[in-house]
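Student: give me a model of this one.
(one chain, ligands or ions: 1)
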Amino acid sequence: MRAASIQPARVRFAPSPTGFLHLGGLRTALFDWLYARHTGGQFILRIEDTDQKRFNPASLENLMRSLRWLGLDWDEGPDVGGPHAPYIQSERRKLYQHYASWLIAQGKAYRCYTSEEELEELRARGLPYDRRHRDLTPAAQAALEAEGRSAVIRFAAPLSGSTTVHDAIRGPITVETHSVVDPVLLKSDGLPTYHLAVVVDDHLMGITHVLRGEEWIPSAPLHQLLFDAFGWEAPIFVHLPVILDPSGKGKMSKRKSVVDGREFSPFVHDYMEGGYLPDAMFNFLANMGWSYDGEREIFTREEAVERFEVTDISPKATALPFGKLDWMNGVYIRQRAPAQLHAELVPYVAAGLGIEARELAQDRRLVELVPLIQERIKVLSEATALVDWAFVPADQIVYPDPSLLIGKKLTAAESLAVLAHCAELVGSVEPFEVSVLEAAFRSQAEKMAIKLGSFLTPVRVALTGRAVSPPLFESMHVLGRAESLRRMANAMAALRAVE
Ligand code: GLU
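Tutor: Purely as a prediction, here's the structure:
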């Protein structure tokens with residue numbers, strides 16, 4: 001039971017749909033979700049698309065798919081609506097215009113007519129904006145208007161004193177206020193900058209906690225000043241630690257790279273397609289800056305929800321432990337009930353085999369194979385390579401090197417004899433069951449005085465085309481009597497050819 005004293009939090013994930021969601025963004029969303037669920041509050045998805053030049057429509061779809069995949073359901077958002085709709089900033093432009101005008105009326109913002117070229121001149125000299133239009137007389141303003149210049153609206157930030165942002169995990173962050181040099185709030189196209197939109201929306205949407213990457217710390221004093229200018233209470237800020245590249249060198253890049261000889265992708269969709277279980281990814285990311293109890297690395301969603309406190313987040317940046325993700329995914333795969341794992345594997349194996357998922361879902365062979373490979377895969381996409389032999393027609397199992405069919409310390413003739421005896425057993429044992437097959441094979445090996453390992457090699461290679469396979473008698477059962485016999489006959493023919 002949740003303690004009655006916890007205030008339901010309203011938290012938002014506010015991505016800019018400019019590219020594909022990466023692991024850092026997903027971690028932010030995860031922490032948002034955990035805190036909302038922990039407090040019995042709401043998780044809100046808000047799309048910050050005010051930078052229309054960088055807007056990429058495919059990224060919105062990618063983003064929602066990735067969040068859904070991880071199981072982060074939102075209570076309010078562009079698709080589900082909510083009391084503060086719309087949740088897409090470009091559809092809220094009138095609101096921002098209203099609040100920018102209100103600030104002008106209060107003398108807390110002003111129209112600035114400085115042209116791009118004039119700003120460029122300042123930049124070239126290493127200078128910030130010089131507040132040149134902050135105190136224009138009405139006549140001077142009218143003259144600039146008459147020139148046909150377009151205007152932006154800038155914040156008239158206080159010129160003295162200091163500003164403090166209270167960060168729940170970092171403590172107070174204080175800056176000299178004059179370092180905030182009248183940032184643009186509304187662009188000449190009538191769209192707000194991130195700063196105005198984020199403050200207006202966090203207020204109007206009743207956001208209680210702002211969780212976002214630490215790269216936003218430099219913007220936080222400006223946001224605090226804007227909240228003050230509007231006379232609104234600021235939310236609690238929680239600037240999450242940056243996730244470093246797996247190499248530990250610098251911030252995680254937004255491109256693929258090679259780590260320990262393996263490709264590392266920062267993009268969530270590569271993990272969705274690569275066969276990672278959402279539960280494993282959830283658990284993995286929850287450990288990035290938060291810890292269940294300082295020791296346990298594996299925990300369920302429910303356990304994380306139960307314990308998650310923003311104040312327990314560490315502000316310290318850590319490198320993404322990429323290798324651990326595979327290990328953790330393997331742990332989750334082994335914990336799966338075979339029926340669920342089967343359902344999860346079907347799309348991967350079907351794609352790998354190039355057949356219809358619907359057809360494969362009905363295929364008894366995969367049902368039987370799942371428990372046989374469950375211990376051996378770390379990601380779902382590895383399964384095809386372990387089971388494909390079962391789905392190949394007998395005449396397509398080729399023995400590129402028939403010498404593989406020869407058991408250790410056996411001759412080709414002896415291996416042929418083994419295969420012949422085994423084929424007889426496969427043809428006759430009743431019932432055709434794993435334990436019965438195993439007993440019959442063991443006693444045949446003893447009769448021929450051949451070590452079981454060498455004895456089984458010709459059979460294993462005959463049935464699967466390879467020297468390493470899932471457990472042999474189970475594999476035989478997967479194939480069935482007739483198919484096993486066909487393969488053994490083919491193998492004998494291949495051996496005879498080299499004898
Ligand atoms: N739109 C910003 C981003 O892309 C959101 C920052 C915030 O959460 O305030 O990351």
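
Student: in contact with whatever residue of the stretch 151-300 of the chain ends up closest to the ligand, which residues are there?
Tutor: Ranked by C-beta to the nearest ligand atom, the top residue of the stretch 151-300 of the chain for proximity to the ligand is Arg212, at 3.4 Å. C-beta: built from backbone N, CA, C; applies to glycine. For Arg212, the contact set (C-beta atoms under 8 Å, 6 or more residues apart in numbering) comprises 14, 28, 238-240.

Student: and for Asp228?
Tutor: Counting by C-beta under 8 Å, 6+ apart, Asp228 makes contact with Ala234.

Student: am I right that it is in a helix?
Tutor: Yes - counting by DSSP: H, G, I helix; E, B strand; the rest coil, Asp228 is found in a helix.

Student: neighbours of Ala445, how many?
Tutor: Residues lying near Ala445 (other C-beta atoms under 10 Å) number 19.

Student: wait, isn't it in contact with Phe455?
Tutor: Yes - taking contacts as C-beta atoms under 8 Å, Ala445 lies within contact range of Phe455: 4.0 Å.

Student: re the thing from before, now the residue of the stretch 151-300 of the chain closest to the ligand: how far from Val418?
Tutor: Applying C-beta to C-beta, to the nearest Å, the value for Arg212 to Val418 is 66 Å.

Student: quick one: the lowest-mean-pLDDT helix or strand in the chain to chain centroid distance?
Tutor: When the helices and strands of the chain are scored by mean pLDDT, DSSP states H and E, strand 257-259 comes last with a mean of 83. A distance of 17 Å separates the centroid of the chain from that of strand 257-259, by C-alpha atoms, centre = their mean, to the nearest Å.

Student: paired strands for the helix or strand that comes right after it, with orientation please.
Tutor: Note on strand 257-259: by DSSP states H and E, the next helix or strand toward the C-terminus is strand 262-264. According to DSSP bridges, strand 262-264 forms sheet pairs with strand 257-259 (antiparallel).

Student: contacting residues around the partner strand?
Tutor: Residues outside strand 257-259 that contact it (C-beta under 8 Å, 6+ apart): 245-247, 263-264, 322.

Student: which bits of the protein sit near the ligand?
Tutor: By the rule C-beta under 6 Å from any ligand atom, the part of the chain lying against the ligand is 14-16, 48, 198, 212, 216.

Student: now list the buried members of those.
Tutor: 14-16, 48, 198, 212 (16 or more other C-beta atoms under 10 Å).

Student: which of the residues you listed fall within helices?
Tutor: Mapping those onto helices (DSSP state H) picks out Val198.

Student: quick one: which of the buried ones among the residues of the chain next to the ligand sit in strands?
Tutor: Arg212 (DSSP state E).

Student: would you format the buried ones among the residues of the chain next to the ligand as JSON lines with pLDDT included?
Tutor: Shown next, in JSON lines, are those (pLDDT from 0 to 100):
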{"residue": "Ala14", "pLDDT": "98"}
{"residue": "Pro15", "pLDDT": "97"}
{"residue": "Ser16", "pLDDT": "94"}
{"residue": "Glu48", "pLDDT": "96"}
{"residue": "Val198", "pLDDT": "98"}
{"residue": "Arg212", "pLDDT": "98"}
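
Student: closest one to Leu222 out of the buried ones among the residues of the chain next to the ligand, please.
Tutor: Proximity of these to Leu222 (C-beta to C-beta) peaks at Val198, which lies at 9.9 Å.

Student: the closest one reaches Ser16, doesn't it?
Tutor: No - the criterion here is C-beta under 8 Å, and Val198 misses it with Ser16 at 10.7 Å.

Student: if we can go back for a sec, switch the residues of the chain next to the ligand over to JSON lines; also include distance to Ala440.
Tutor: Below are the residues of the chain next to the ligand laid out as JSON lines (distance: C-beta to C-beta, whole Å):
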{"residue": "Ala14", "distance to Ala440": "66"}
{"residue": "Pro15", "distance to Ala440": "62"}
{"residue": "Ser16", "distance to Ala440": "66"}
{"residue": "Glu48", "distance to Ala440": "68"}
{"residue": "Val198", "distance to Ala440": "73"}
{"residue": "Arg212", "distance to Ala440": "66"}
{"residue": "Trp216", "distance to Ala440": "69"}
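
Student: so which residues of this structure form strands?
Tutor: For the chain, the strands defined by DSSP E occupy 10-13, 42-45, 109-112, 152-155, 162-167, 171-176, 184-186, 209-213, 236-240, 243-244, 257-259, 262-264, 318-319.

Student: now for the second one, which elements pack on it?
Tutor: Yep, that's strand 42-45 we're talking about. Under the contact criterion of 3 or more C-beta pairs under 8 Å, 6 or more residues apart in numbering; DSSP states H and E, strand 42-45 touches strand 10-13, helix 23-39.

Student: correct me, but Gly250 touches Ala317?
Tutor: No - counting by C-beta under 8 Å, Gly250 sits too far from Ala317 to count as a contact (10.0 Å).

Student: of the two, which one has the most company?
Tutor: Using other C-beta under 10 Å, the more surrounded residue of Gly250 and Ala317 is Ala317, with 16 against 11.

Student: returning to what we had before: need the buried ones from the contacts of strand 257-259 selected in PyMOL.
Tutor: Those of the contacts of strand 257-259 that count as buried under 16+ other C-beta under 10 Å are selected in PyMOL with:
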select buried, resi 245+246+264+322
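
Student: closest to Phe230 out of the contacts of strand 257-259?
Tutor: Nearest member of the contacts of strand 257-259 to Phe230, counting by C-beta to C-beta, is Asp245, at 38.8 Å.

Student: mind pulling up the phi and psi values for that closest one?
Tutor: When read as degrees, to the nearest 10, the backbone of Asp245 gives phi -60, psi 150.

Student: so what's it scoring on pLDDT?
Tutor: Here, the pLDDT recorded for Asp245 equals 89.

Student: what sits against it?
Tutor: Counting by C-beta under 8 Å, 6+ apart, Asp245 touches 251-253, 257, 259, 319-320.

Student: in JSON lines, list these along with neighbour count and distance to Val180.
Tutor: Output for the contacts of Asp245, formatted as JSON lines (neighbours: other C-beta atoms under 10 Å; distance: C-beta to C-beta, whole Å):
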{"residue": "Lys251", "neighbour count": "14", "distance to Val180": "25"}
{"residue": "Met252", "neighbour count": "20", "distance to Val180": "29"}
{"residue": "Ser253", "neighbour count": "11", "distance to Val180": "30"}
{"residue": "Ser257", "neighbour count": "14", "distance to Val180": "36"}
{"residue": "Val259", "neighbour count": "15", "distance to Val180": "39"}
{"residue": "Ala319", "neighbour count": "16", "distance to Val180": "33"}
{"residue": "Leu320", "neighbour count": "23", "distance to Val180": "33"}
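
Student: need the contact partners of stretch 281-290.
Tutor: Counting by C-beta under 8 Å, 6+ apart, 23, 26-27, 30-31, 34, 70-71, 240-241, 243, 271, 292, 297-299, 301, 304, 308, 312-314, 316, 318, 320, 324-325, 328-329, 332 sit against stretch 281-290.

Student: tell me the most buried of the helices and strands packed on strand 42-45?
Tutor: When you average the neighbours per residue for each of the helices and strands packed on strand 42-45 (mean count of other C-beta atoms under 10 Å), strand 10-13 leads with a mean of 26.

Student: and that strand, how far out from the chain middle?
Tutor: 19 Å.

Student: output the contacting helices and strands for that strand.
Tutor: Against strand 10-13 (3+ C-beta pairs under 8 Å, 6+ apart) you get helix 23-39, strand 42-45, strand 209-213.
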